[in-house]
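Enquirer: could you work out the structure for the sequence below:
(one chain, ligands or ions: 1)
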Amino acid sequence: MERWDEAEGQEPPGTTAAREARQYGDVAAVYDTLMEGVPHGAWLSRIEKAVRERGKAPRSVLDVACGTGIATLLLARRGYSPVIGVDLSADMIRIARTKATAASRLSERTVQFEVQNAATLDLDGATFDLVISLFDSLNYILDPRDLQSAFCRVFAHTAAGGMFAFDLNSLYALAHDLFTQTNLFGPVQHVWSANWDREARLCRVEMAFAIEDAQTGALRRFTETHLQRAYTVPEITEWLAVAGFANIECFGNYGTRPPGPRSDRLLFVCEKS
Ligand SMILES: C[S@@+](CC[C@H](N)C(=O)[O-])C[C@H]1O[C@@H](n2cnc3c(N)ncnc32)[C@H](O)[C@@H]1O
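Expert: Presented below is the predicted three-dimensional model:
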């Protein structure tokens, strides 16, 4: 398996759009603070319920677009092994590895992190009982062909009888300014301004951050531009089926019912029979 972050001058193929977008670089250092209050644990429990309902008992898990490894490390603590997290951003993976090293009960064999593009995922033929991708990571794949390719690569890395569960921001959420937010208090202050391109189904978010230095109180400022694309339930369902997945279900907002017209978050669950 090639380690893109360690091969000087190389980067995963298909990163052009992400690079132009300037995302998950500086923000990596404050990502976990921004995530306080995001219910990764509850989302994993909902996925575990879906897994049980299908009579599965997964051991190994792959977390695609794992970010700083919040869900990956939770899974390792819940006893899954091995657990591997992959992400396009070397900065996010660096933080994830630091956290894994600090978590003394986790051995290197239990949890690992790699820099990888989901669209070209290649883990040397390894397969997993469960593959997850949380918190609208796959909306960051802007070219539909890359998302279809990501589904094929995930299928190739799913064990026979294994499952794939992931969430997406719905078209409704991206079209309704979900990302326009201001927080001018605390150590991580931010002003985010979202712009929705209905034609291209692209949500462009200009993000300005000011991070307070704990010692001096001085503010360090930086900006990032994030781009997400909205996909519809029929599109995703078709592409999952083309990739080979079966028993495809979609739920609104991590609930137990199909999404309604105003569901923000879509949970997809499917399996490799
Ligand atoms: C909102 S964060 C979610 C991170 C993590 N899944 C979580 O739940 O906290 C989105 C992540 O998707 C990653 N990402 C975006 N495009 C990707 C791609 N093509 N392949 C792998 N990771 C990608 C970003 O680097 C970022 O870490």
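
Enquirer: ok, the residue located most distally from the centre of the chain - contacts?
Expert: In the chain, counting by CA atoms, centre = their mean, Thr216 sits farthest out from the average C-alpha position, at 33.8 Å. Thr216 makes contact with no residue under the criterion CB atoms under 8 Å, 6 or more residues apart in numbering. No exception for glycine: its C-beta is placed from N, CA and C like everyone else's.

Enquirer: I'd like the next helix or strand past the lowest-mean-pLDDT helix or strand in the chain.
Expert: Every helix and strand of the chain was ranked by mean pLDDT, DSSP states H and E. The lowest is helix 16-21, at a mean of 54. Scanning forward in sequence from helix 16-21 by DSSP states H and E, the next helix or strand is helix 31-34.

Enquirer: residues near the residue of the stretch 51-200 of the chain found nearest the ligand, how many?
Expert: For the stretch 51-200 of the chain, the residue closest to the ligand is Gly67, as judged by CB to the nearest ligand atom, at 2.6 Å. Look at Gly67: counted by other CB atoms under 10 Å, it has 25 neighbours.

Enquirer: now do the SS call for it.
Expert: Classification of Gly67 using DSSP: H, G, I helix; E, B strand; the rest coil returns coil.

Enquirer: nearest spatial neighbour of it, skipping sequence neighbours?
Expert: Met92 (4.9 Å; CB to CB, 6 or more residues apart in numbering).

Enquirer: surely that neighbour is within a helix?
Expert: Yes: using three-state DSSP, the secondary structure at Met92 is a helix.

Enquirer: ok, for Gly41, nearest residue in space, not its chain neighbours?
Expert: Leu74 (5.9 Å).

Enquirer: list the buried residues for the helix or strand containing the one you found?
Expert: Assigned by DSSP H and E, Leu74 belongs to helix 70-77. By neighbour count on 16 or more other CB atoms under 10 Å, the buried set for helix 70-77 is 70-76.

Enquirer: next helix or strand past it?
Expert: strand 83-87.

Enquirer: check whether that next one contacts the ligand.
Expert: Yes: against the ligand, strand 83-87 shows contacts by CB under 6 Å from any ligand atom at Asp87.

Enquirer: which residue comes closest to Gly260 once chain neighbours are left out?
Expert: Once flanking residues are discounted, Gly260 sits nearest to Gly252: 5.6 Å by CB to CB, 6+ apart.

Enquirer: quick one: residues contacting Ile211.
Expert: Counted by CB under 8 Å, 6+ apart, Ile211 has contacts 29-30, 187-189, 219-222.

Enquirer: only whichever of those are buried, select them in PyMOL.
Expert: Entered in PyMOL, the line below selects the buried ones among these, by 16+ other CB under 10 Å:
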select buried, resi 29+30+188+189
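
Enquirer: mind giving me TSV with the contacts of Ile211 and columns for pLDDT and distance to Ser107?
Expert: Below are the contacts of Ile211 laid out as TSV (pLDDT from 0 to 100; distance: CB to CB, whole Å):
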residue	pLDDT	distance to Ser107
Ala29	94	26
Val30	95	28
Pro187	87	32
Val188	92	32
Gln189	94	38
Leu219	89	39
Arg220	93	35
Arg221	96	39
Phe222	95	35
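
Enquirer: still on that earlier bit, confirm that the residue farthest from the centre of the chain sits in a strand.
Expert: No: counting by three-state DSSP, Thr216 is not part of a strand but coil.

Enquirer: spell out which residues of the chain are next to the ligand.
Expert: So the chain meets the ligand at 18, 24, 35, 40, 65-67, 70-71, 87-89, 92, 117-119, 134-137, 140-141 (CB under 6 Å from any ligand atom).
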